[in-house]
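Q: Generate coordinates for the sequence data below:
(2 chains)
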Number of protein chains: 2
Amino acid sequence: MNSYRIAVVGATGAVGQEILRTLERRNFPVSHLKPLASSRSLGKTVDFNGKKLPIEELRASAFADVDYALFSAGATRSREFAEACAKAGAVMIDNSSAFRMRADVPLVVPEINAADLKQHKGIIAVPNCSAIIMGVPLWPLHQAAHIERIIVSTYQSASGAGAQAMAELEAQARAYASGQPLKKEIFPHQIAFNVFSHNTAIAENGYNEEENKVIEETRKIFHEPALPIVATCIRVPVLRAHSESIVIETRRELSPEEAREILSKAPGVKLVDNREKNHFPMPLEASGQFDVLVGRIRRDLSHPRGLALFVSGDQLLKGAAWNAVQILENLVGKS
Amino acid sequence: MNSYRIAVVGATGAVGQEILRTLERRNFPVSHLKPLASSRSLGKTVDFNGKKLPIEELRASAFADVDYALFSAGATRSREFAEACAKAGAVMIDNSSAFRMRADVPLVVPEINAADLKQHKGIIAVPNCSAIIMGVPLWPLHQAAHIERIIVSTYQSASGAGAQAMAELEAQARAYASGQPLKKEIFPHQIAFNVFSHNTAIAENGYNEEENKVIEETRKIFHEPALPIVATCIRVPVLRAHSESIVIETRRELSPEEAREILSKAPGVKLVDNREKNHFPMPLEASGQFDVLVGRIRRDLSHPRGLALFVSGDQLLKGAAWNAVQILENLVGKS
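A: Predicted structure coming up:
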């Protein structure tokens, strides 16, 4: 079996760490693992397959002996090093938003549009986490009944803002417990015991960046450039999985029973829909799982062809690291 | 000025306590305050206007010298003592769900349908908290442009399940902070660092009790018995204010600018809609306020006559105690 030289850019970050764990968990054939990060992280090590690997500095020359570079270090770093990656012949799998909407960059959720990988020209983008977690359960419903409109409200965890944001939520909970003042450094508002509109800038159209990503990226992934979507993205005091309340309108009427049947067989989805036990998708249970949990499947009583559902998916895994490793597996023909 | 004999049933509970604080804050003319609770609470006192008043036992004879009885002790207690209240000539203002959908019981949010109070026959019901918090900002928009459909997803605080539920959230946060196991007694699932579908039974139609209340009660309050509504009710780890992500479709197109103008003058509403500062309604800021905060007002990009907004309101105040005291003020002609 072939074995591959893999660079992980942002290896000390929340997503970078999950990429290392996911490569291990999948037993991905790695001949050389190169953990890259900014010079601030020099001297640190990361664990991989039982070894401690020293962080190497992220610079143009670092990609010389790399087959695949998985980037999770923010859009600025991705833009800065894309050319170096290309020149070195390394394929870039990018978790940032830098290239997602570029026409020559496939934006891929393997359960949905793995076929788009064939068109890649050296860069493949991993979509926004909320778009992935929504797309996985909606795609099989779209294939069955053609979705004509999506209305989504999110319950997004701290992990989407990185390891420091997760630490801030925990620190605020500890401060609250001991009667100390709650400090905020990462988020603009207190996150413990609070919810707030997603902390990205509001665009001209009144939507924040996160909402516009969910809308535009879903359209690109689904190859439905005009699909009507309204999104409201909200942060909640949860550590690492995103949940979403979704209402869809379909061209053909889709009964809850049929939707449940479709989703029970869909790839990347786990049905959690026990009405008797009041057991439905929860971020606590989605954490650590590759699959997106889906439940609360019921008729939208306000529309003749409407369906409502609730989903939870691990933002760090299916929303980032696992989706990136899935792309890698597809590229090498392992999946 | 007249002065009134007021009984507060469930005076030691989360809502009962807020009713006492609200009567004080409004300087409501009380000649005699009678705090009632189950025999378990005998021996306890409650604070009111600088005095410590002993809890009296809730029994049929307790209403003999009462003008208005404000009930917040659950539907079973309300059903049990409604007749005693009526016989004693005391008007019942009921926070429970016991009588809300009865045709001869007005279900009142004073900003919306204070006129319905005139029809009362001794019982007036305070609506479900999520229905109130949604209704206050939607009513003036309905009057302006006729709402034809409501799609709502809630972010509901622990307070809706009472003082013990709030204590459970705090206890779980403390246990987490000190590395202890998290105990759950009130909620079926861990509430700290988690979200879950509302912990009420799922009805035949696939909706939980809370969602069906939001749907049916909003229709009754608005006098729109067929208004199409789809609701998804979710608990979040917040102490005492509910938030809601709302999308409406109106008969006449309503621009965000016009909606903002209408809401800036609407009773019971406070506009919090600062895009530059990313400052929108948050439960932390809604807590302790009588008004419902509303913001994120923007076009629904997926519908020609759609509008999206986000609201937060104090579940214990406008969602319960303040709405009950407002009804009381209306009845005595003080408001």
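
Q: can I assume A:F290 is in contact with A:K318?
A: Yes: at 5.9 Å, A:F290 counts as touching A:K318 under the criterion of Cβ atoms under 8 Å. Where you see a C-beta, it was placed from the backbone N, CA and C, and this is true even at glycine.

Q: Neighbour count: these two, which is higher?
A: A direct count of neighbours by other Cβ atoms under 10 Å in any protein chain shown for A:F290 and A:K318 places A:K318 higher, at 25 against 19.

Q: Could you tell me the phi and psi values at the more buried one?
A: Per-residue torsions, A:K318: phi -60, psi -30 (degrees, to the nearest 10).

Q: now A:G122
A: Main-chain torsions, A:G122, degrees, to the nearest 10: phi 110, psi -20.

Q: Could you report the distance from it to chain B?
A: Distance, A:G122 to chain B, using Cβ to the nearest Cβ, to the nearest Å: 33 Å.

Q: Now do the same contact list for that residue.
A: Residues near A:G122 by Cβ atoms under 8 Å, 6 or more residues apart in numbering or on different chains: A:C85, A:A86, A:V91, A:M92.

Q: What subset of these is buried?
A: Neighbour counting over the contacts of A:G122 (16 or more other Cβ atoms under 10 Å in any protein chain shown) leaves A:C85, A:V91, A:M92 as the buried ones.

Q: where along the stretch 201-335 of chain A do the strands fall?
A: Using DSSP state E, counting those that start in this stretch, the strands of the stretch 201-335 of chain A run over A:229-232, A:234-235, A:241-250, A:269-271, A:292-299, A:306-314.

Q: Those strands into CSV, with extra columns for mean pLDDT?
A: Below are the strands of the stretch 201-335 of chain A laid out as CSV (pLDDT from 0 to 100):
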stretch, mean pLDDT
strand A:229-232, 98
strand A:234-235, 98
strand A:241-250, 98
strand A:269-271, 98
strand A:292-299, 98
strand A:306-314, 98
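
Q: Rebuild the ones you listed as TSV, extending it with distance to B:A11 and mean neighbour count.
A: Listed next are the strands of the stretch 201-335 of chain A as TSV, based on distance: least, Cβ to Cβ, whole Å; neighbours: other Cβ atoms under 10 Å in any protein chain shown:
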stretch	distance to B:A11	mean neighbour count
strand A:229-232	38	26
strand A:234-235	35	24
strand A:241-250	36	26
strand A:269-271	45	20
strand A:292-299	37	25
strand A:306-314	37	27
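
Q: Tabulate those strands (TSV), appending distance to chain B.
A: Listed next are these as TSV, based on distance: least, Cβ to the nearest Cβ, whole Å:
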stretch	distance to chain B
strand A:229-232	4
strand A:234-235	7
strand A:241-250	4
strand A:269-271	14
strand A:292-299	3
strand A:306-314	6
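
Q: A:T22: which of these is closest?
A: strand A:306-314 (10.6 Å; Cβ to Cβ).

Q: Neighbouring strands of that closest one in the sheet, and parallel or not?
A: Strand pairing for strand A:306-314, using DSSP bridges, gives strand A:241-250 (antiparallel), strand A:292-299 (antiparallel).

Q: Now that strand - C-alpha only, CSV.
A: Provided in CSV are the C-alpha atoms of strand A:306-314 (Å, rounded to 0.1, in the frame of the first residue of the first chain):
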residue,chain,number,x,y,z
GLY,A,306,-42.6,21.5,4.6
LEU,A,307,-40.4,19.3,6.9
ALA,A,308,-38.7,20.2,10.2
LEU,A,309,-35.6,18.6,11.7
PHE,A,310,-32.9,19.1,14.3
VAL,A,311,-29.3,18.1,13.8
SER,A,312,-26.0,18.1,15.9
GLY,A,313,-22.6,17.5,14.5
ASP,A,314,-19.1,17.7,15.9
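
Q: which regions of the stretch 1-150 of chain A sit below the pLDDT cut-off?
A: A:1 (pLDDT under 70).

Q: which residues of it fall in strands?
A: A:4-9, A:30-37, A:45-48, A:51-54, A:56-57, A:68-71, A:91-94, A:123-125, A:147-155.

Q: quick check: domain ranges of chain A?
A: Domains of chain A are assigned by automatic domain parsing as A:4-127+A:320-331, A:131-315.

Q: any chance of those domains in JSON lines, plus distance to B:P106?
A: JSON lines is the format used below for those (distance: least, Cβ to Cβ, whole Å):
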{"stretch": "domain A:4-127+A:320-331", "distance to B:P106": "50"}
{"stretch": "domain A:131-315", "distance to B:P106": "25"}
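
Q: pull the CA atoms of stretch A:217-230 into CSV?
A: Only the C-alpha atoms of stretch A:217-230 are listed here, as CSV (Å, rounded to 0.1, in the frame of the first residue of the first chain):
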residue,chain,number,x,y,z
GLU,A,217,-21.3,27.5,0.3
THR,A,218,-24.4,25.3,0.5
ARG,A,219,-25.4,26.5,-3.0
LYS,A,220,-22.0,25.7,-4.4
ILE,A,221,-21.8,22.2,-2.7
PHE,A,222,-25.3,21.3,-3.9
HIS,A,223,-24.7,22.7,-7.4
GLU,A,224,-27.8,24.8,-6.8
PRO,A,225,-26.6,28.4,-7.4
ALA,A,226,-30.0,30.0,-6.7
LEU,A,227,-31.3,27.8,-3.8
PRO,A,228,-33.3,30.1,-1.5
ILE,A,229,-31.8,29.9,2.1
VAL,A,230,-32.3,32.1,5.1
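
Q: ok, and what's touching that stretch?
A: Stretch A:217-230 has contacts (Cβ under 8 Å, 6+ apart) with A:100-101, A:107-109, A:112-113, A:127-128, A:131, A:134-135, A:139, A:142, A:147-152, A:214-215, B:247, B:300-303, B:306, B:308.
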